[in-house]
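Q: Show me how the following folds:
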Amino acid sequence: MISRSGYPLRKSLDEDMGNIVINELIRHGVKLQLNERIIEIDYQGDKQVVITDGGKYVVDAVVLATGIKPNVELAKQLDLRIGETGTVWLMII
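A: Modelled structure (predicted):
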C-alpha cells in the first residue's frame, strides 16, 4: 500500500487510530510505503509498475482511492460536536 500521508485514512482517522490501522495491515502481511507521492503508473508484462518520489514498485494490482467525505447532516441536526475530519465526538458518562 502506498500512501502520500503518514498513515492510512488520514482524513477519517486521527494519528492514534491511524497507527492502529498500520499495525493491523502489517500484521496481515501488507507492505506499506508511507509519505510517498505517486508520480507514474505503467505496465510491465502482466504487472503494474508504480513510480513514486521514493521508489519504484512492481505490483500485481493498482487500486486508487481518492478519499471520502462523511455525511454528518444528522449529527449537525442533533447539535453533536463534529471533529475536523468529520468524526462525531462522543462523551461516555
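
Q: what comes into contact with the least confident helix or strand in the chain by mean pLDDT?
A: None of the helices or strands of the chain scores lower by mean pLDDT, DSSP states H and E than helix 73-77, at a mean of 89. Residues from elsewhere that reach helix 73-77, judged by CB atoms under 8 Å, 6 or more residues apart in numbering: 82, 88. For glycine as for every other residue, the C-beta is placed from the backbone atoms N, C-alpha and C.

Q: Please state the offset of it from the chain centre?
A: 25 Å (CA atoms, centre = their mean, to the nearest Å).

Q: And stretch 22-32, what's buried?
A: residue 22 (16 or more other CB atoms under 10 Å).

Q: how far is it from where the chain is centred?
A: 13 Å.

Q: all helices of the protein, in order?
A: Along the chain, the stretches classed as helices by DSSP state H are 15-27, 73-77.

Q: could you say what helices and strands the longest one packs with?
A: What that stands for is helix 15-27. Contacting helix 15-27 under the criterion 3 or more CB pairs under 8 Å, 6 or more residues apart in numbering; DSSP states H and E is no other helix or strand.
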